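Colleague: Give me a model of this one.
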Amino acid sequence: LNSLRDEGQSATALAQRVMRDPHLVAEVIRMANSAHARADEPVVDIAEAIGRIGTNGLRRAIARVVLKPMFGGTADTLSARCAQRLWQHSDAKAAACQKEAAARGLDPFEGYLTGLMHNVGWTAALRAIDRSKGGAPSQFSRAFVTAFERRRETFFAMLVIPWQLTDGLTALGTALLDGDVAGACSPLGEALRAAEQRASLDMLGIGRLLGAGEAAIAH
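Modeller: Down below sits the predicted model:
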């Protein structure tokens, strides 16, 4: 991700970098052929695919390829059963956080990365339960869920700080780790909270209904 900050790289150099990883090749081709890319004809050439999605699209592809395996689980564990749902939520939250960041004058990719990484804290917490004596209980109390969510934020902060991906993301993680609620209410923190709510509503099917209602009122 850091190497892609050099915007002077040619499409050929970028293509050579991407072709070292078959998973990244597949993700770049998928993005180039998605409806969002508005491609009239399917693209199979990696250089052309990079040209269609641009450097920012390539950065998003790399983030997805790097982070998605972190949401996996093994055997019939709680983390494994939650993996697909968590990734879907992360995907929706990343897209929402990208828009929220742009609306606040922040780097859209920093917003995307923040939304995509946030649920890594859930994965770490779920794996901790899997490793605990007796494993996951059959039911969780409301008090446990509230405490568990706070622990999720701590895990997220512990994971994101050492990576030093962006200054804003590192600052957000530091504020959360220190229990600094005001710091976590930075513009990036606000973008993340708004994206969290939007993604959760969308996952429940409520967001689409709200969107339709807002459109009807506007009309």
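
Colleague: Output the contacting helices and strands for the longest helix along the chain.
Modeller: Scanning the chain for the helix with the most residues, using DSSP state H, yields helix 78-103. Judged by 3 or more CB pairs under 8 Å, 6 or more residues apart in numbering; DSSP states H and E, helix 78-103 is in contact with helix 46-67, helix 108-118, helix 120-131, helix 187-203. All C-beta atoms are positioned from the backbone trio N, CA, C, and that covers glycine.

Colleague: Tell me which residue lies nearest the centroid of this protein.
Modeller: Nearest to the mean C-alpha position of the chain, by CA atoms, centre = their mean, lies residue 116 at 0.8 Å.

Colleague: Correct me if wrong: residue 111 contacts residue 103.
Modeller: No: at 9.3 Å, residue 111 does not count as touching residue 103 under the criterion of CB atoms under 8 Å.

Colleague: what residues do the two have in common as contacts?
Modeller: Here residue 111 and residue 103 have residue 191 as joint contacts, going by CB atoms under 8 Å, 6 or more residues apart in numbering.

Colleague: So the two - more neighbours on which side?
Modeller: Set side by side, residue 111 and residue 103 show more neighbours around residue 111, with 30 against 13, by other CB atoms under 10 Å.

Colleague: any idea how far that one is from residue 102?
Modeller: Residue 111 is 7 Å from residue 102, where distance means CB to CB, to the nearest Å.

Colleague: Ok, residue 201 next?
Modeller: Relative to residue 102, and taking CB to CB, residue 201 is found at 20 Å.

Colleague: So, low pLDDT: which residues of this protein?
Modeller: Scanning the chain with the threshold set as pLDDT under 70 gives 1-9, 11, 35-40, 180-183, 206-219.

Colleague: returning to what we had before: select, out of the helices and strands packed on helix 78-103, the one closest to residue 145.
Modeller: helix 120-131 (11.1 Å; CB to CB).

Colleague: Which elements pack onto the very next helix or strand once past that closest one?
Modeller: Once the chain leaves helix 120-131, the next helix or strand it forms, by DSSP states H and E, is helix 142-163. Packed against helix 142-163 by the contact rule (3+ CB pairs under 8 Å, 6+ apart) you find helix 108-118, helix 120-131, helix 167-177.

Colleague: Can you tell me which of those is most buried?
Modeller: Scoring the helices and strands packed on helix 142-163 by mean neighbour count under mean count of other CB atoms under 10 Å gives helix 108-118 as the most buried, with a mean of 24.

Colleague: Now find how far off-centre it is within its chain.
Modeller: Chain-centre distance of helix 108-118: 5 Å, with CA atoms, centre = their mean, to the nearest Å.

Colleague: Then stretch 79-92?
Modeller: 11 Å.

Colleague: Going forward, count from 25.
Modeller: Got it, first residue is 25 now, which makes that one stretch 103-116.

Colleague: Please identify the buried residues of that stretch?
Modeller: 103, 104, 106, 107, 110, 111, 113, 114, 115, 116 (16 or more other CB atoms under 10 Å).

Colleague: How about residues contacting that stretch?
Modeller: By CB under 8 Å, 6+ apart, stretch 103-116 touches 88, 91-92, 95-98, 139-143, 146-147, 150-151, 153-154, 222-224, 226-227.

Colleague: ditto for stretch 122-131
Modeller: Counting by CB under 8 Å, 6+ apart, 132-136, 138-139, 190, 192, 211-212, 214-216, 218-219 sit against stretch 122-131.

Colleague: Please identify which of the residues you listed is nearest to residue 55.
Modeller: Nearest member of the contacts of stretch 122-131 to residue 55, counting by CB to CB, is residue 136, at 12.6 Å.

Colleague: Cool, thanks, signing off.
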